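Peer 1: The sequence and its predicted three-dimensional model are supplied below.
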Amino acid sequence: MNPYLDITLRSLSVYFFMLIAIRLTGKKELSQLNTTDVVLILLISNAVQNAMVGSDTTLQGGIVAAAVLFVVNYIFKKFLFKSKKLRDLVYDKPQILIHNGKLDFQMLSHLGITNEELEEAMREHGVAHYKEVKLAMLEVDGNISILTGDKSLRQSRYKRKHQHKTLGTLN
């Protein structure tokens, strides 16, 4: 078999394995990664390197593997954009965390959102108490959106570590 075709097939296999593994472990987006998740991703990348390039440790082999990952990611995002069924399969739905000042402890626990993280999101929105929150949601991009009942406050979004590039600017 052509060594570059071999690298291509191996890289595609690892890409889809990682996509499925991240989905099954409950991560909605990489913006939710904490320190232990970053360490895990770094170790996994080292562990699967040989699975992608095999014994080919040349510069060309590494570039082929990286190019395949970029191309398949680009194409996969296009399919996600066009197919609601595929989006539903890959992404979770937005989840309500607080509704009319009442915390959904079961959902917070299920999503692994700590009290400290929720309080940080509220502070980012200028909200001091849970009772002031009309609606807090964990969005599909991993950000926490908060709406208050105060008409003088605008809707704002708590950005978790980085801005999601595919959503654009919300006005």
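Peer 2: Yes, it's here. Residues are numbered from 1 along each chain as shown.
Peer 1: What residues sit buried inside the longest helix anywhere in the chain?
Peer 2: If each helix of the chain is counted by residues according to DSSP state H, the longest one is helix 59-82. Buried positions in helix 59-82, judged by neighbour count with 16 or more other Cβ atoms under 10 Å: Gly61, Val64, Ala65, Val68, Leu69, Val72. Quick note: C-beta positions are derived from backbone N, CA and C, even for glycine.
Peer 1: Count the residues that sit near the nearest residue to the fourth one once chain neighbours are set aside.
Peer 2: Sequence neighbours aside, Ser11 is the residue nearest to Val68 in space, at 4.1 Å (criterion: Cβ to Cβ, 6 or more residues apart in numbering). The criterion is other Cβ atoms under 10 Å. On that basis, Ser11 has 22 neighbouring residues.
Peer 1: And the contacts of the helix or strand hosting Ser11?
Peer 2: Assigned by DSSP states H and E, Ser11 falls within helix 3-24. The set of residues that contact helix 3-24 without belonging to it, under Cβ atoms under 8 Å, 6 or more residues apart in numbering, is 44, 48, 51-54, 56, 60-61, 64-65, 68-69, 72-73, 76, 90.
Peer 1: following that helix, which helix or strand shows up next?
Peer 2: Next helix or strand after helix 3-24 toward the C-terminus (DSSP H and E): helix 35-53.
Peer 1: Convert the C-alpha atoms of that next one to CSV, please.
Peer 2: Extracted in CSV, the C-alpha atoms of helix 35-53 (Å, rounded to 0.1, in the frame of the first residue of the first chain):
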residue,chain,number,x,y,z
THR,A,35,-6.2,21.2,33.5
THR,A,36,-6.7,17.4,33.8
ASP,A,37,-8.5,17.3,30.4
VAL,A,38,-5.6,19.2,28.7
VAL,A,39,-3.1,16.8,30.2
LEU,A,40,-5.2,13.9,28.9
ILE,A,41,-5.5,15.4,25.4
LEU,A,42,-1.7,15.9,25.3
LEU,A,43,-1.0,12.3,26.4
ILE,A,44,-3.6,10.9,24.0
SER,A,45,-2.0,12.9,21.1
ASN,A,46,1.4,11.3,22.0
ALA,A,47,-0.2,7.9,22.3
VAL,A,48,-2.0,8.0,18.9
GLN,A,49,0.9,9.6,17.0
ASN,A,50,2.3,6.2,15.9
ALA,A,51,-1.2,5.0,15.1
MET,A,52,-1.4,7.8,12.5
VAL,A,53,2.0,7.7,10.9
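Peer 1: Thank you kindly, that will do.
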